[in-house]
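Enquirer: how would this look folded up:
(one chain, ligands or ions: 3)
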Amino acid sequence: MTQYTVFLDRDGVINHDSDAYIKHPDEFHFIAKSPDAIALLNAKGFQVILITNQSAVGRGIISVRTLDAILKKMTRGVEQAGGRIKDIFFCPHGPNQGCDCRKPKPGMILQAVACHGIDLKKAFMIGDSAKDIECGKNAGCAINILVKTGNGERALAALTEKGIVPDFLAGDLYEAALWITANFSSQNIVS
Ligand SMILES: O=P(O)(O)OC[C@@H](O)[C@H]1O[C@@H](OP(=O)(O)O)[C@@H](O)[C@@H](O)[C@@H]1O
Ligand SMILES: [Mg+2]
Ligand SMILES: [Zn+2]
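Expert: Numbers count the residues shown, from 1 in each chain. Ligands and ions are numbered 1, 2, ... in the order given. Coordinates of the predicted model:
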């Protein structure tokens with residue numbers, strides 16, 4: 001039976017975001033209990049996959065090498081808390097490059113589905129921006145959760161404007177993980 005999957009946005013969900021981009025590992029700071037949230041999801045049988053726009057690369061602000069160092073710091077912190085991120089998909093392109101992977105396009109999620117045989121009826125997307133929720137919906141994730149950290153409050157207003165309602169609104173990633181693990185177990189999310 002295929003596993004449950006939680007797709008996670010990075011900036012504003014796992015770590016504090018910056019309007020000036022996260023340009024160096026020293027600028028990467030976990031949001032409280034986000035590593036514990038990933039460990040909790042794993043402990044209950046949910047695999048976690050990262051889906052992140054990193055236009056700072058395409059804008060020439062950081063190199064892929066620096067992005068890799070930032071992601072390694074994130075992965076180390078998650079593993080120290082007993083969690084594991086199964087795979088990382090990032091879009092390095094700028095908004096004007098017309099790629100298929102930049103959220104809200106579903107490309108990164110569809111790539112993950114192809115790589116890992118993911119059942120989207122058993123998949124969640126958690127993000128802090130409207131583009132994360134739209135990405136999850138565009139890909140066909142069963143449950144799309146907005147967190148209030150990062151851009152969350154602005155995103156809620158933007159989504160409401162568009163008539164898009166997240167399936168759940170959580171204070172932060174840890175609250176989202178508590179809700180997921182309390183409400184979903186072995187049956188499909190969408191019958
Ligand atoms: O939240 P995720 O997808 O993990 O990453 C978002 C980041 O790539 C950056 O995305 C940028 O948007 P533009 O890409 O410049 O439109 C801005 O929102 C930055 O504040 C933010 O750090
Ligand atoms: Mg974000
Ligand atoms: Zn892209």
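Enquirer: neighbouring contacts of the longest strand anywhere in the chain?
Expert: For the chain, the strand with the greatest residue count under DSSP state E is strand 46-53. Residues outside strand 46-53 that contact it (Cβ atoms under 8 Å, 6 or more residues apart in numbering) are 3-11, 14, 38, 41-42, 71, 83-91, 102-103, 108-109, 112, 116, 118, 124-125, 131-132, 135, 180-181. Heads up, the C-betas are built off the backbone N, CA and C, glycines and all.
Enquirer: repeat the analysis, applying 7 Å as the threshold.
Expert: Contacts to strand 46-53, defined as Cβ atoms under 7 Å, 6 or more residues apart in numbering, come from residues 3-11, 38, 41-42, 85-91, 102-103, 108-109, 112, 180.
Enquirer: now do stretch 160-178
Expert: Contacts to stretch 160-178, defined as Cβ under 7 Å, 6+ apart, come from residues 13-14, 31, 33-34, 36-37, 40-41, 126, 133-134, 143-149, 156, 159, 179.
Enquirer: what are the buried residues along it?
Expert: Neighbour counts over stretch 160-178 (16 or more other Cβ atoms under 10 Å) mark Ile164, Pro166, Asp167, Phe168, Leu169, Ala170, Asp172, Leu173, Tyr174, Glu175, Ala176, Ala177 as buried.
Enquirer: which parts of this structure sit against ligand 1?
Expert: 9-12, 17-19, 21-22, 52-55, 95, 129 (Cβ under 6 Å from any ligand atom).
Enquirer: nearest to Ala139, of these?
Expert: Closest approach between the residues of the chain next to ligand 1 and Ala139, by Cβ to Cβ: Asp9, at 12.9 Å.
Enquirer: what's the neighbour count on that closest one?
Expert: Other residues near Asp9 come to 27 when the count uses other Cβ atoms under 10 Å.
Enquirer: Arg76 now?
Expert: As a measure of burial, Arg76 has 12 neighbours, counting by other Cβ under 10 Å.
Enquirer: the one helix or strand it maps to relative to strand 46-53, how many degrees between them?
Expert: Applying DSSP states H and E as the criterion places Arg76 in helix 64-80. Here helix 64-80 runs at 160 degrees with respect to strand 46-53, directions being taken by axes from the mean of the first three to the mean of the last three Cα atoms, to 10 degrees.
Enquirer: and the next helix or strand after helix 64-80, does that touch ligand 2?
Expert: Scanning forward in sequence from helix 64-80 by DSSP H and E, the next helix or strand is strand 87-91. No: judged by Cβ under 5 Å from the ion, strand 87-91 and ligand 2 are separated, with a smallest distance of 11.9 Å.
Enquirer: and for strand 87-91, what's in contact with it?
Expert: By Cβ under 7 Å, 6+ apart, the residues outside strand 87-91 that reach it are 49-54, 67, 71, 99, 101-103, 108, 111-112, 115-116.
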